[in-house]
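> Need a 3D model of the sequence below.
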Amino acid sequence: MTKIKKVAVLGAGNGGHAMAADLTLAGISVNLFEFPEFEQNIDPIKKRGGIEITGVARTGFAEIKSVTTNLEEAIDGVSHIMVVTQSLAHERLAKDLRSRLKENQVIVIFAGSGGGLVFVKILKDDIKDKNLAIVETITLPYACRIKGPALVNVSRLIRGILAGVFPAKWTHQILKPLLEIYPSMMPAKHILEVAFYNPNVLLHPVASLFNIGRIEYSKGEFYLYREGFTPSILKIMDAVDREKMAILERLGLKPLSLNEQFMLRYGESLDKFLEKMKVLGSKGPFSAKHRYITEDVQIGMVFMATMGRELGVKTPVLDSIINVCSVINDADYWKTGRTAESVGLK
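Down below sits the predicted model:
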């Protein structure tokens with residue numbers, strides 16, 4: 001494939017701000033899309049005519065080519081569609097893209113927790129008829145936060161971005177142009193492998209659930225990374241990690257532990273990362289309705305646990321966390337979450 005010249009960035013949260021600005025300053029034409037009900041996320045960008053980006057990525061003021069709530073306009077003429085929405089929006093977005101996609105486009109889902117499988121299932125006819133490719137990564141390329149209207153800071157560039165491609169036989173040719181803009185991308189065996197490696201699925205739910213009393217009592221004065229990762233919490237995380245690795249082994253893959261993921265991603269151990277985040281971490285979460293539970297449990301944990309069931313791997317710790325989080329939020333995440341069956345793997 002040729003050099004990437006024009007992309008659509010779908011989602012204008014922290015990651016969307018950073019990606020749109022960084023790629024624009026790299027000389028790539030960017031169309032930034034946000035869902036109409038979240039248009040307030042892009043109003044400041046429209047007003048300023050772009051995004052100011054600071055930190056360790058490319059820095060300066062990036063004049064974004066197009067900022068829109070019109071999906072068809074956003075993906076028109078682009079070679080790559082970068083999906084940086086929350087995982088909860090993947091199914092909707094895939095359905096919205098269906099029938100709008102053009103031949104040979106590449107859809108890249110960042111930190112998907114199985115989002116790539118959702119897109120493959122919904123777009124299966126388009127993939128075949130229009131020669132499309134789907135990529136899923138285990139993380140965003142940036143550690144970033146919106147700091148003000150049309151202002152984003154990138155505190156760290158992420159290393160070791162494992163990426164799976166569908167069809168897997170196209171892995172080399174699909175990743176080659178992406179490596180020019182994100183050289184830390186690494187090929188996975190296939191798109192299913194990366195679905196298990198979003199580190200947030202292990203970090204956020206355990207620490208949030210088992211600190212929920214403190215979170216609710218604090219009334220907004222809680223810092224997860226400063227207070228939440230005690231020795232007992234780390235033991236529970238390790239138990240979930242072992243269940244994840246058992247599933248990967250049953251799939252015939254050589255699993256990476258969470259600590260190995262952090263060595264790959266940051267070049268430092270999980271313990272060192274957590275120590276740094278005591279200083280760098282922001283406030284929150286402030287309730288059980290935070291995406292650390294509503295997204296990471298409902299999407300990431302339910303997917304892992306139901307894959308375990310399909311493969312005959314017991315996941316008692318994952319199951320318990322899902323059950324208790326469902327009770328706390330008056331929900332049934334087993335029914336509403338991303339399951340093996342819902343992505344077509346039953």
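
> Report the separation between residue 301 and residue 120.
21 Å (Cβ to Cβ, to the nearest Å). The way it works is simple: take the backbone N, C-alpha and C, and place the C-beta from them, glycine included.

> Looking at these two, which is more packed in?
residue 301 (30 against 21; other Cβ atoms under 10 Å).

> Make sure I have this right: residue 32 is in a strand.
Yes. According to DSSP: H, G, I helix; E, B strand; the rest coil, residue 32 belongs to a strand.

> give the contact list for it.
8-9, 12, 16, 20, 42, 45, 64, 66-68, 74 (Cβ atoms under 8 Å, 6 or more residues apart in numbering).

> now with 6 Å?
Applying Cβ atoms under 6 Å, 6 or more residues apart in numbering to residue 32 gives the contacts 9, 12, 20, 64, 67.

> In helices, which of these appear?
Counting by DSSP state H, the contacts of residue 32 place residue 20 in helices.

> who touches stretch 221-235?
Around stretch 221-235, the neighbours that count as contacts under Cβ under 6 Å, 6+ apart are 206-207, 210-211, 215, 274, 277-278, 281, 283.

> Likewise for stretch 275-282?
Residues from elsewhere that reach stretch 275-282, judged by Cβ under 6 Å, 6+ apart: 223, 225-226.

> Filter the residues you listed down to the buried ones.
Among the contacts of stretch 275-282, the ones that count as buried by 16 or more other Cβ atoms under 10 Å are residue 225.

> between the contacts of stretch 275-282, which is nearest residue 129?
Taking Cβ to Cβ as the measure, residue 129 sits nearest to residue 225 out of the contacts of stretch 275-282, at 46.2 Å.

> The closest one - that's part of a helix, no?
Yes. Checked against three-state DSSP, residue 225 lies within a helix.

> Pull up the gap between it and residue 154, please.
Remark: distance between residue 225 and residue 154 (Cβ to Cβ) = 18 Å.

> same thing with residue 299?
Taking Cβ to Cβ, one finds residue 299 at 25 Å from residue 154.

> In three-state terms, label residue 53 for me.
Going by three-state DSSP: residue 53 is strand.

> quick one, what contacts the residue lying closest to it once chain neighbours are set aside?
In this structure, residue 53 finds its nearest non-sequential neighbour in residue 21, 3.8 Å apart by Cβ to Cβ, 6 or more residues apart in numbering. Applying Cβ under 6 Å, 6+ apart, we find residue 21 in contact with 51, 53, 62.

> between those residues, which is closest to residue 163?
residue 53 (23.1 Å).

> beta partners of the closest one?
Beta-bridge pairing for residue 53 (DSSP bridges): residue 60, residue 152.

> pretty sure residue 273 is touching residue 263, no?
No. At 9.7 Å, residue 273 does not count as touching residue 263 under the criterion of Cβ atoms under 6 Å.

> any chance of the contacts of residue 21 in a markdown table, plus pLDDT, neighbour count and distance to residue 170?
Shown next, in a markdown table, are these (pLDDT from 0 to 100; neighbours: other Cβ atoms under 10 Å; distance: Cβ to Cβ, whole Å):
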| residue | pLDDT | neighbour count | distance to residue 170 |
| --- | --- | --- | --- |
| 51 | 98 | 31 | 32 |
| 53 | 98 | 27 | 32 |
| 62 | 98 | 24 | 31 |
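
> in the stretch 101-250 of the chain, which spans are strands?
Here the stretch 101-250 of the chain has its strands, by DSSP state E, counting those that start in this stretch, at 106-109, 133-137, 142-148, 151-157, 161-166, 185-187.

> Rebuild the ones you listed as TSV, extending it with distance to residue 257 and mean neighbour count.
Output for these, formatted as TSV (distance: least, Cβ to Cβ, whole Å; neighbours: other Cβ atoms under 10 Å):
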stretch	distance to residue 257	mean neighbour count
strand 106-109	24	26
strand 133-137	19	27
strand 142-148	21	19
strand 151-157	21	19
strand 161-166	14	24
strand 185-187	17	17
